[in-house]
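[1] sequence first, then the predicted structure, then my questions.
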Amino acid sequence: MVGWEFPPHHSGGLGVHSYELCRELTRMGHRVTFLTPFPGPFTPVNGVEFRHPGDHQDEAPEFPEAYWTGQLEGSPFGEAIDGYNAWIASGSGIGRIDIVHVHDWFGTVGGTELARRLRVPVVMTVHSTEYDRSLGHPWERILWRERFGVQNADAVIAVSHHLARQLEERYAARPERIRVIYNAVRPSPRLTPVTSARRTVLYLGRLAAMKGVDTFLRAAARVAPAFPDALFVVAGEGPEYPRLVDLAVHLGIADSVLFLGHVTEDERVVLLASASVFVLPSIVEPFGIAALEAMAAGVPVILSKTSGVAEMAKSVFAVDFWDTEEFASRIAELLIYPVLQSTMGEGGRADALREGWPERALQTVGVYAELLRGPGGRT
């Protein structure tokens with residue numbers, strides 16, 4: 001498995017997905033060698049061996065010249081990416097493997113070359129695209145690597161149907177090679193709600209432009225005057241933080257908004273236990289695992305229609321990402337009507353826990369088995 005993120009050091013759904021998938025694969029009896037550019041430490045998983053470029057100093061092989069069309073030359077980050085891929089391709093000391101599974105664009109070139117050298121299938125899971133992350137202004141050198149991975153994989157796993165369609169339209173992915181496997185969450189004991197003098201409307205996630213947190217604040221500005229006991233909590237960190245703080249001041253809701261910055265896993269649990277409403281107003285959201293966590297905690301969820309979670313959940317309010325008035329209206333409804341809040345919370349929890357990581361791992365192994373059996377496999 002080739003991945004950039006693994007807990008405890010991760011910034012989004014990719015790291016959570018990698019961790020949970022590895023846990024389930026090893027419980028099923030598989031062994032996983034996880035190739036990462038970082039030395040760790042990582043959250044230990046029995047049956048998972050972590051390897052990084054510092055483990056061996058063997059000279060990496062040269063790639064065919066065409067592979068370097070997407071080279072990120074001219075920056076330390078680019079050099080790190082190139083070195084990581086060259087190390088992956090070398091397969092130094094990796095032993096016998098059956099499948100190379102690459103997550104997102106970081107290791108597509110090296111993972112593809114490794115699979116070709118060992119004559120095994122390569123699978124790519126796409127968690128988001130450069131078009132999403134850049135809001136339509138992709139960095140070509142990342143885009144090249146992303147497209148390379150999608151077009152050269154024997155199978156591509158997308159975390160939502162919305163994302164799968166994008167792969168077909170923007171990357172010329174062959175539909176017969178795409179499989180949709182959603183993310184999941186683990187069931188946890190229902191916590192006693194944290195009592196507070198103020199009801200909490202929560203956003204939890206990265207503070208990036210694609211997340212639409214400014215829509216959350218603009219909706220808060222419409223709701224706050226009618227609900228003086230409502231506290232709008234923004235939990236997370238990212239490049240949009242200074243602009244969002246300025247926007248809250250400009251909207252006149254500084255006293256109604258609390259910016260928490262980075263929160264730990266334990267703090268996430270407490271926040272979800274205390275929330276009356278969870279809002280995810282993303283402009284683009286290939287999946288939205290934070291919304292699924294909120295649903296699993298029994299919190300009613302309002303999210304944008306572009307979210308992958310909206311495809312699999314019935315008991316949520318799905319709103320156009322640009323419709324500030326509709327977000328505000330839905331927040332107000334849930335604050336006014338406790339029965340609606342409770343009913344949506346229970347329905348959302350059932351939606352979130354209908355299938356879990358064991359089912360997602362079985363679906364993933366099904367993709368592996370299909371490649372190893374059929375003409376698409378290289379073994």
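    Yep, that arrived. Numbers count the residues shown, from 1 in each chain.
[2] now residue 100: closest residue in space, sequence neighbours ignored.
    residue 115 (4.1 Å; CB to CB, 6 or more residues apart in numbering). Glycine gets a C-beta too; all of them are placed from N, C-alpha and C.
[3] now do the helices in this structure.
    Taking DSSP state H as the test, the helices found in the chain are 13-27, 76-90, 108-118, 130-133, 140-152, 161-171, 213-223, 241-250, 265-274, 289-296, 309-312, 324-336, 338-353, 357-373.
[4] outline the domain layout of the chain.
    Annotated domains of the chain cover 13-184+357-373, 199-353 [automatic domain parsing].
[5] what separates the first and last residues of the last one, distance-wise?
    Looking at domain 199-353, the gap from its leading to its trailing residue is 25 Å under the measure CA to CA, to the nearest Å.
[6] count of neighbours near residue 339?
    Other residues lying near residue 339 total 7 when counted by other CB atoms under 10 Å.
[7] ok, it to residue 333 distance?
    Here residue 339 is placed at a distance of 11 Å from residue 333 (CB to CB, to the nearest Å).
[8] now swap in residue 166 and tell me
    Distance of residue 166 to residue 333, computed by CB to CB: 32 Å.
[9] show me which of these two is the more surrounded one.
    Legend: neighbour count by other CB under 10 Å for residue 166 and residue 333, higher for residue 166 (20 against 16).
[10] mind listing what that one touches?
    Counting by CB atoms under 8 Å, 6 or more residues apart in numbering, residue 166 makes contact with 129, 131-132.
[11] equivalent analysis for residue 97, please.
    Residue 97 sits in contact with 33, 118, 120, where contact means CB under 8 Å, 6+ apart.
[12] got it, and residue 224?
    230, 232, 253, 256.
[13] the closest residue to the second one other than its chain neighbours: neighbouring residues, count only.
    What it means is residue 232. Leaving out its chain neighbours, the residue that sits closest to residue 232 by CB to CB, 6+ apart is residue 220, at 4.2 Å. Neighbour count of residue 220, defined by other CB under 10 Å: 26.
[14] ok, residue 220 - contacts?
    So residue 220 contacts 201, 232, 251, 253, 256-257, 328, 331 (CB under 8 Å, 6+ apart).
[15] distance to residue 215, pLDDT and neighbour count added to the residues you listed, as CSV?
    Conversion of the contacts of residue 220 to CSV gives the following (distance: CB to CB, whole Å; pLDDT from 0 to 100; neighbours: other CB atoms under 10 Å):
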residue, distance to residue 215, pLDDT, neighbour count
201, 13, 98, 27
232, 12, 98, 26
251, 12, 98, 17
253, 14, 97, 19
256, 16, 97, 22
257, 14, 97, 23
328, 10, 98, 22
331, 11, 98, 26
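[16] among these, which one sits closest to residue 365?
    Ranked by distance to residue 365 (CB to CB), the contacts of residue 220 are led by residue 201 at 39.7 Å.
[17] quickly list what the closest one is bridged to.
    residue 232, residue 277 (DSSP bridges).
[18] for it, give me its contacts.
    Counted by CB under 8 Å, 6+ apart, residue 201 has contacts 220, 223, 230-233, 275-277, 279, 331, 335.
[19] which of these lies closest to residue 366?
    residue 279 (34.7 Å).
[20] for stretch 98-107, measure first residue to last.
    The first-to-last residue distance of stretch 98-107 comes to 18 Å (CA to CA).
[21] what sits up against that stretch?
    In contact with stretch 98-107 (CB under 8 Å, 6+ apart) are residues 1-5, 14, 17-18, 35, 37, 81, 84-85, 88, 108, 111-112, 114-115, 118, 120-128, 130, 142, 145-146, 149, 153, 368, 371-372, 379.
[22] before we move on, what about stretch 339-347?
    In contact with stretch 339-347 (CB under 8 Å, 6+ apart) are residues 276-277, 298-301, 314-317, 333-335.
[23] and that stretch, which residues are buried?
    341, 344-345, 347 (16 or more other CB atoms under 10 Å).
[24] and residue 19, how far from residue 297?
    19 Å.
[25] using CSV, list the CA coordinates for stretch 17-34.
    Extracted C-alpha coordinates of stretch 17-34, given in CSV (Å, rounded to 0.1, in the frame of the first residue of the first chain):
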residue,chain,number,x,y,z
HIS,A,17,-9.3,5.4,5.3
SER,A,18,-5.8,4.0,5.1
TYR,A,19,-5.7,3.1,8.8
GLU,A,20,-9.2,1.5,8.9
LEU,A,21,-8.6,-0.4,5.7
CYS,A,22,-5.3,-1.8,7.0
ARG,A,23,-6.9,-2.8,10.3
GLU,A,24,-9.6,-4.8,8.5
LEU,A,25,-7.3,-6.3,5.9
THR,A,26,-5.0,-7.7,8.6
ARG,A,27,-7.9,-9.0,10.6
MET,A,28,-8.9,-11.0,7.5
GLY,A,29,-5.4,-12.5,7.4
HIS,A,30,-3.7,-10.3,4.8
ARG,A,31,-0.2,-8.8,5.4
VAL,A,32,0.3,-5.2,4.4
THR,A,33,3.6,-3.4,3.7
PHE,A,34,2.8,0.4,3.9
